[in-house]
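In: Below are the sequence and a predicted model for it; my questions follow.
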Amino acid sequence: MAADIANLKAALTAAGIAEGFMTAVAPGTAYRFGNAYYQDDMEFLYDCAEQPR
């Protein structure tokens with residue numbers, strides 16, 4: 001997520017744009033993407049909820 005924010009800021013600067021907006025997917029929607037890393041689905045769901053903070 002930090003890399004995405006940095007890329008957006010760099011693109012805005014390069015384009016001479018002062019402000020931008022980045023949408024975020026809701027944790028419940030991200031949860032449907034599938035779990036390939038976490039030990040269980042609840043760990044995945046809670047991490048999805050924590051990331052935007």
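Out: Thanks, I have it. Numbering: from 1, shown residues only.
In: CA atoms for contacts and neighbours, from now on please.
Out: Fine.
In: How far off centre is stretch 45-53?
Out: Averaged C-alpha coordinates place stretch 45-53 at 9 Å from its chain's average position (C-alpha atoms, centre = their mean, to the nearest Å).
In: Stretch 18-38 too?
Out: Taking C-alpha atoms, centre = their mean, the mean C-alpha location of stretch 18-38 is offset from the chain mean by 5 Å.
In: Kindly report the same for stretch 32-41.
Out: On C-alpha atoms, centre = their mean, the centre of stretch 32-41 falls 16 Å from that of its chain.
In: which stretches of the chain form helices?
Out: Listed from the start of the chain, the chain has helices (DSSP state H) covering 2-15, 27-30, 41-50.
In: Please point out which parts of the first one sit buried.
Out: Within helix 2-15, the residues scored as buried using 16 or more other C-alpha atoms under 10 Å are 8-9.
In: ok, and the closest non-adjacent residue to Gln51?
Out: Of all residues beyond its chain neighbours, the one nearest Gln51 is Met1 (7.6 Å), with distances taken as C-alpha to C-alpha, 6 or more residues apart in numbering.
In: What's the local residue count around that neighbour?
Out: Taking other C-alpha atoms under 10 Å as the criterion, the count of residues near Met1 is 8.
In: that older thread, least confident of the helices of the chain, on average?
Out: Taking each of these in turn, the one with the lowest mean pLDDT is helix 27-30, at a mean of 72.
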